[in-house]
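Trainee: Quick check, what structure comes out for this input:
(chains A and B)
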Number of protein chains: 2
Amino acid sequence: MMQKQEDVQPSALKIIPLGGLGEIGLNMMVLEYEDTIVVIDAGLMFPEEDMLGIDIVIPDFTYLQKNRNRVRALLVTHGHEDHIGAIPFLLREVPVPIYATTLTLALIKEKLKEHGLLERSELCRVEPRETIGIGPFDIEFIQVCHSIPDGVGLAIRTPVGVIIHSGDFKIDNTPVDGRRFDMARFGKYGEQGVLALFADSTNVERPGYTLSEKDVGATLRDIFRECSGRIIVAVFASNLHRIQQVVQLAREFGRRVLLNGRSMVINVRIARELGYIDFPGDDEITLQDLAYLPDSEVLMLTTGSQGEPMSALTRMAFNDHKKLKVKPGDTIVLSSKFIPGNERTIQNIINHLYRHGAEVIYEQVRDIHVSGHAYREELKAMINVVQPNYFIPVHGEFRHLVKHRQLAVDTGVPEENCLLIENGGVVEFYPDGVLTGEHVETGRVLVDGKGVGDVGGLVLRDRRHLSEDGMVIASLVFNKETQELVSGPDILSRGFIHEEAKPELLDDAKCVIFETIDKQLSEGAELDCTVLQEDIRRELKRFFNRVLDRRPVIYPIVVEI
Amino acid sequence: MMQKQEDVQPSALKIIPLGGLGEIGLNMMVLEYEDTIVVIDAGLMFPEEDMLGIDIVIPDFTYLQKNRNRVRALLVTHGHEDHIGAIPFLLREVPVPIYATTLTLALIKEKLKEHGLLERSELCRVEPRETIGIGPFDIEFIQVCHSIPDGVGLAIRTPVGVIIHSGDFKIDNTPVDGRRFDMARFGKYGEQGVLALFADSTNVERPGYTLSEKDVGATLRDIFRECSGRIIVAVFASNLHRIQQVVQLAREFGRRVLLNGRSMVINVRIARELGYIDFPGDDEITLQDLAYLPDSEVLMLTTGSQGEPMSALTRMAFNDHKKLKVKPGDTIVLSSKFIPGNERTIQNIINHLYRHGAEVIYEQVRDIHVSGHAYREELKAMINVVQPNYFIPVHGEFRHLVKHRQLAVDTGVPEENCLLIENGGVVEFYPDGVLTGEHVETGRVLVDGKGVGDVGGLVLRDRRHLSEDGMVIASLVFNKETQELVSGPDILSRGFIHEEAKPELLDDAKCVIFETIDKQLSEGAELDCTVLQEDIRRELKRFFNRVLDRRPVIYPIVVEI
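Mentor: The predicted model follows:
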């Protein structure tokens, strides 16, 4: 009997991050108990600098594909791309019902429509404080503050204990929409006992508290008070709190609002339909209205705060917009942070706006942005209210996770219970303890056009090489019987050199090829296609390296007939 | 007689910026009176993101080449690359004596040696407060503070009035080397009357005053106090004040110093030889010494604070350094700012250092860097002490120039005397006024390997295109007489797709080519090389766009024999 009992291992609650631990973006986490899997978020990441030509990056879903029959729900914390952007790709592989709050669900719906997936999707709307049951899990959605409305954290009651996932959050005590961070609910779970807290690490390097979104409103009001020309505010289309404040200020200062940019128009429409923004239709104008409205009565809300090349703001800066011209007297407010990697582009746009005589206001010169992610004191508050037995930092690069782990230790969570997990690392919770060490397949899948995963390291290395010194193609045809050149050598180059600057260069390169052929012939051997190709490549490489110190991709095409 | 007098136009003092106005870097300015030209600085710029494969950027010297017989002196304000980096390229085109202070001259010498130009160069050492005469100009070198020792501003007495050029400066009242910003000299010229001030605009967006370099020393001392393991400080090799402070702290805390990185070793050697650093040889150790020294007695000074790929720090982070491994207990201090464009790379390195168990300290988490450029209050102080009749902001992107101009207006310079000039814009000072509007040829010249100026917009556009979707080469040979394919079509791709992911794709592309040939033949016409090439390009483009939504560079090579 004893023997038997020992054999019956209690089931484990497994938690497996598939993305977002060790990187910003790609947020995705698996919860698993016996035959039930639920997934939290399915986000994308925008390509890093060295991912040339890549459109977006999504997590590797292999683990979910292998276990697709057990996947019962996708729980989405909020509507940002790094939490919903991979959903269409996931649904194609693993159809699963999606649970999210009203606005989040509407944004997901819009995305699925674009991908032609709406018909075959199952979308389930939930409310904050609502609890749903999925197999052995009871999941409550808990309201949090963030830079998009309707964000939630999750409290998941499992057979092994309660798991809290913070989602992306900040503690804004004066939120624009009055929807407060639901401290009471987190506290209730904390009092009852929480097995583990998974919390957002994005801003763990920042001391103190984030400012309230309303503080931005105050700075914006000052700007409205000072400006007599047109005001153009660039903001993320998802930052509906910010948009709400701008719209309200417009009304207060007698300005009417022009919306610019596809996602701005869509998001405002959705937010209006669902009651997430107070923006009467009368306050809105069209491009045509600009002609007769005085500048002092115009407010434009636009996308493009990150210098996106096709955005209205970028086109206006480069004088490339048919209907909108920037002019002296205009004030342009970039009301968002410069995402690392975009700084040079944005600064370039700012310079061009100044060239047109406009005034430009941005985070470096005035407080017109606040973060949506909790700073250190808020992170401590979250740990204190939840009182978790275990703590696992999520949503951050490796250094953020290390620092957030240390912060939890400093806040009083026992050091051995603060786990540093990376993508693919499995955490197994048993009634009597925790196990780590197992790993599942994860990674990043690159999306380029319609191709998902068909561009990898090798292709990117080639793109890098081509981008650095361009390419040179040398082609020739020779007759095997007569051992004579029938055509060529011809040389083409691209991205290599401005040929008019050194007209003799490619002629010299042809001479190199002739010499290479002569050398092979003089050695008495018959011309060999493969050998000749390799010889030409090597000799041209040497030649270009010597005369120009450049290493283009060289493609010799030798055809024998 | 009256007529005659009116014909004798008084000569103008012409000032022509050839670089650095509208950009950070490329600093270079021309002063010209009758048959004398002097040049201030000849700096480079590191390539911007879209300058694929480019090594460095230098100003266009056309104007100086055209007037080479009149160019009498190059005056150099300090030894940073954005002020001396283009000197070798300038000297090849326009031989000219170089005037600079001791350390600056030594750094220039090192650079000319590398370029094999030292023998034919004329280097003239000057001291602060020394005045030299060049034709109609009397030039005094005035000591300023900056993030490299031995920086100077210039006071140039001309027949039309005194010109002050600030160089790069900050007002550090407690400089590490005791060499103070020479307020008295600037004041003396101010009292006597200054025609025009040209001043550094880099930090015009920052309110208040820069901290003193000594403040960094205080933070570094705290770090030394806290650390018991090895300390590794990454810093610009030219920041000899910082290096001095670190070396002094090492002595104070009983650590010996390992220098790492080529430019670190060279700069410290030069500074030692010239007495610009107090660093006894006994304090220095070699890699071999690490074996027997306890970690608490080791201090390493290294380059690589910008994540340069070949630097020791980067190789250590990626575990790619044969002799140096990062380990738990190490503290790595990145004591410099993250230059925009390098953030992602540096953050990546920080994450990797944390993975090895090290602690990393950087500007975002602790005050271990100060700027070498004056903040707003210092800029105002400079204007107040010089009391210029005219003010022209230099060294900055367009927005900086606009804001610096406004700052001068706010400080009391008449608005009409604050000029906004861009590269190539000529300012002509006459005894009775100023003229602007004329322009000379300027621009940026790209250096790629040994090629100077042979890569331009078109080549860069091709590199960009190649980097985004790679390339596809389709080759075939046909017999003109028989109108039959003799060889091919063959298809090669690079940077386009991981072929194993879609093995059928290139076969399908071949079918597209066969169809294109058949279509031409079925129309009864003879195969035409050029037409066929164009048709194949177009059809392949359509095909790849349709099936993959990608636009590779397509090169059809059709040979007829």
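Trainee: Please give the element, helix or strand, for A:Cys511.
Mentor: According to DSSP states H and E, A:Cys511 maps onto helix A:504-522.
Trainee: Off-centre distance for that helix?
Mentor: Chain-centre distance of helix A:504-522: 50 Å, with Cα atoms, centre = their mean, to the nearest Å.
Trainee: Can it be said to contact chain B?
Mentor: No - judged by Cβ under 8 Å from any Cβ of the partner chain, helix A:504-522 makes no contact with chain B; its nearest approach is 8.7 Å. Every C-beta, even on glycine, is put in place using the N, C-alpha and C of the backbone.
Trainee: Next, the angle from the helix or strand that that helix is followed by to helix A:504-522.
Mentor: Once the chain leaves helix A:504-522, the next helix or strand it forms, by DSSP H and E, is helix A:529-548. With axes from the mean of the first three to the mean of the last three Cα atoms, to 10 degrees as the basis, helix A:529-548 and helix A:504-522 are set at 140 degrees to each other.
Trainee: Report all helices and strands that the helix or strand just after helix A:529-548 contacts.
Mentor: Next along the chain after helix A:529-548, taking DSSP H and E as the criterion, comes strand A:553-560. Strand A:553-560 sits against helix A:457-469, strand A:471-479, helix A:529-548, strand B:471-479, strand B:484-494, with contacts defined as 3 or more Cβ pairs under 8 Å, 6 or more residues apart in numbering or on different chains; DSSP states H and E.
Trainee: Not counting its own residues, what contacts the helix holding A:Cys511?
Mentor: A:472, A:474, A:476, A:483, A:485, A:489, A:491, A:493, A:497, A:499, A:527-528, A:531-532, A:535-536, A:539-540, A:543-544, A:547-548 (Cβ atoms under 8 Å, 6 or more residues apart in numbering or on different chains).
Trainee: Could you look up the next helix or strand downstream of the helix-or-strand element of chain A with minimal mean pLDDT?
Mentor: Using mean pLDDT, DSSP states H and E, helix A:2-7 stands out as the lowest-scoring helix or strand of chain A, at a mean of 47. Next helix or strand after helix A:2-7 toward the C-terminus (DSSP H and E): strand A:13-19.
Trainee: Which neighbouring elements make contact with that next one?
Mentor: Partner elements for strand A:13-19 (3+ Cβ pairs under 8 Å, 6+ apart): strand A:28-33, helix A:62-66, strand A:161-165, strand A:194-200, strand A:425-430.
Trainee: Just the terminal-to-terminal distance for stretch A:279-295.
Mentor: 21 Å (Cα to Cα, to the nearest Å).
Trainee: Which secondary structure state does A:Ile332 sit in?
Mentor: Under DSSP: H, G, I helix; E, B strand; the rest coil, A:Ile332 falls in the strand class.
Trainee: Quick check: it touching A:His356?
Mentor: No - counting by Cβ atoms under 8 Å, A:Ile332 does not reach A:His356; the two are 9.6 Å apart.
Trainee: Touching both of these two, which residues are there?
Mentor: Counting by Cβ under 8 Å, 6+ apart, the residues touching both A:Ile332 and A:His356 are A:Val326.
Trainee: the more surrounded of the two?
Mentor: A:Ile332 (25 against 16; other Cβ atoms under 10 Å in any protein chain shown).
Trainee: roughly how far apart are the more buried one and A:Gly217?
Mentor: Using Cβ to Cβ, to the nearest Å, A:Ile332 is found at 18 Å from A:Gly217.
Trainee: Next: A:Thr174.
Mentor: Taking Cβ to Cβ, one finds A:Thr174 at 10 Å from A:Gly217.
Trainee: who's more crowded, those two?
Mentor: The neighbour count for A:Thr174 versus A:Gly217, taken as other Cβ under 10 Å, is higher for A:Gly217 (18 against 12).
Trainee: Verify the stated contact: the more buried one with A:Leu249.
Mentor: Yes - with contact defined as Cβ under 8 Å, A:Gly217 and A:Leu249 form a contacting pair (7.4 Å).
Trainee: in the stretch 151-300 of chain A, which spans are helices?
Mentor: All helices of the stretch 151-300 of chain A, identified by DSSP state H, counting those that start in this stretch, fall at A:183-192, A:213-226, A:240-252, A:262-273.
Trainee: Chain B is nearest to which of these?
Mentor: Taking Cβ to the nearest Cβ, helix A:213-226 is the member of those nearest to chain B, at 14.6 Å.
Trainee: what about the residue lying closest to A:Tyr362 once chain neighbours are set aside, how many neighbours?
Mentor: Leaving out its chain neighbours, the residue that sits closest to A:Tyr362 by Cβ to Cβ, 6 or more residues apart in numbering or on different chains is A:Leu334, at 4.2 Å. Using other Cβ under 10 Å, A:Leu334 has 27 other residues around it.
Trainee: just the one 3 residues further on next, same as before
Mentor: Each residue near A:Lys337 was counted by other Cβ under 10 Å, and the total is 17.
Trainee: isn't there a helix covering it?
Mentor: No - counting by three-state DSSP, A:Lys337 is not part of a helix but coil.
Trainee: Excluding covalently adjacent residues, which one is nearest to it?
Mentor: In space, A:Lys337 is closest to A:His369, 5.4 Å off (Cβ to Cβ, 6+ apart).
Trainee: close enough to count as contact, that neighbour and A:Glu363?
Mentor: Yes - counting by Cβ under 8 Å, A:Glu363 is a contact partner of A:His369 at 4.8 Å.
Trainee: Please list the residues of the stretch 51-200 of chain A that sit near chain B.
Mentor: With Cβ under 8 Å from any Cβ as the criterion, the stretch 51-200 of chain A meets chain B at residues A:Leu52, A:Gly53.
Trainee: If we use 10 Å, what do you get?
Mentor: A:Leu52, A:Gly53, A:Ile54, A:Asp55 (Cβ under 10 Å from any Cβ of the partner chain).
Trainee: before we move on, what SS does the third one have?
Mentor: Assigned with three-state DSSP, A:Ile54 falls in the coil class.
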